[in-house]
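[1] Sequence first, then the predicted structure, then my questions.
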Amino acid sequence: MDKNKIKTSCLINNYNYAEFVSDAIDSALNQTVKFDEIIVVDDASTDKSAEVLARFTQIENVKCIFKEKNQGQLSSFNEGFLAATGEIIFFLDADDIYEPQYLETALNFYKRRSECDFLFCAYKKFGAEEGTFQADAVDLDLGYSVIRTLCNGEWIGSITSTLSIRREIIRKFLPIPKTEDWRVRADDCLVWGASLVGAKKFYMSNPLVMYRIHQNNQYHNKKFLDIDKNYEYKRFWKRNSLFNYIIQTNHFSLPLLLAFTSLDELKTIPCPKLTDFISYLKIIFLFESNIYWKIKGMILLFNYFLKILMAGKLKNSSQSMIM
């Protein structure tokens, strides 16, 4: 037995994607390095999903969970995580696909950067729309983001199917009880939750996930925004409720010396961008209650900016979509 082997779980959430889900499962099964377990959670689909999934139930490392009641994506994440035993959990929407070398490449990344808690990668769109989305052309160490998430509500991550997270991080915030709030866009819970509980985040520039664009893709088509014009306002309050739950569960609050802690958090990013400095400047200015430490914190932040600039470590923003 390889003592260095990392046990992996792939969680596939499905609701009425009978025409796509077999492609998703096959892509997880056909990896160059095999998943230890593939857990498919069907959220009480009303199409032929059960018939499609029945074909996979005889495969040794595939487990299908059929929910009796439709409760949304977060509920499926909760169920899947509780059934998973892997050290690293990989998430896959039932309408998306992994490239064959995705798991092998991601595991090599985790082994090379043992401090990595949360990894997301670039992806390719296919179907009704095509293109490659890269947050950056090179791999990035994004450091820690507890304070910038708590204060600014920043969302540091990507779509569900590009995400993988260490079990020791996920168990600090899953399962989340308010499933009705996150019937869709439950990847918000994964992205925000991981930041709040102290995950060190990394980005992998290799686009090894295929993101399917089709008429029923709620996130891409923003159908829920067309139906509910107040969606973003409601999402703000759902986010606050989510943050309060995670904060209370993990028993933490803003540090007393917020300015210094903010600067320390910024320094966990080896090559920060200008937007990173602006984010922490905003935090110090708005949330540091002590005037003396507010001013001193801004001065120290400016001095650190000059140091990074002169050392040539200030990274240019380079988010790109290649069509």
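    Arrived safely.

[2] wait, isn't residue 201 in contact with residue 154?
    No: distance between residue 201 and residue 154: 11.1 Å, which falls outside the contact criterion (Cβ atoms under 8 Å). Just so you know, the C-beta spots here come from the backbone N, C-alpha and C atoms, and that holds for glycine as well.

[3] Excluding covalently adjacent residues, which one is nearest to the residue nearest the centre of the chain?
    Note on the chain: the residue nearest the mean C-alpha position is residue 191, at 3.9 Å, using Cα atoms, centre = their mean. By the measure of Cβ to Cβ, 6 or more residues apart in numbering, the closest residue to residue 191 outside its immediate chain neighbours is residue 157, 3.5 Å from it.

[4] Tell me where this structure has strands.
    With DSSP state E as the definition, the chain shows strands at residue ranges 8-14, 37-42, 62-66, 88-93, 97-98, 118-127, 131-134, 140-143, 163-166, 201-213, 320-322.

[5] so for the fifth one, what's the average pLDDT?
    It stands for strand 97-98. For strand 97-98, mean pLDDT rounds to 98.

[6] buried sites along stretch 87-96?
    Along stretch 87-96, the positions that meet the burial threshold by neighbour count (16 or more other Cβ atoms under 10 Å) are 88, 89, 90, 91, 92, 93, 94, 95, 96.

[7] distance between the ends of it?
    23 Å (Cα to Cα, to the nearest Å).

[8] Same question for stretch 40-55.
    With Cα to Cα as the measure, the ends of stretch 40-55 fall 12 Å from one another.

[9] which other residues reach that stretch?
    In this structure, residues lying in contact with stretch 40-55 by Cβ atoms under 8 Å, 6 or more residues apart in numbering are 11-18, 21-22, 25, 56, 62-73, 75-76, 79-80, 94.

[10] chain center to that stretch, what's the gap?
    In terms of Cα atoms, centre = their mean, to the nearest Å, the centre of stretch 40-55 is found 25 Å from the chain centre.

[11] Buried only: go through the contacts of stretch 40-55 for me.
    Buried, going by 16+ other Cβ under 10 Å: 11-18, 21-22, 25, 56, 62-66, 71-73, 75-76, 79-80, 94, out of the contacts of stretch 40-55.
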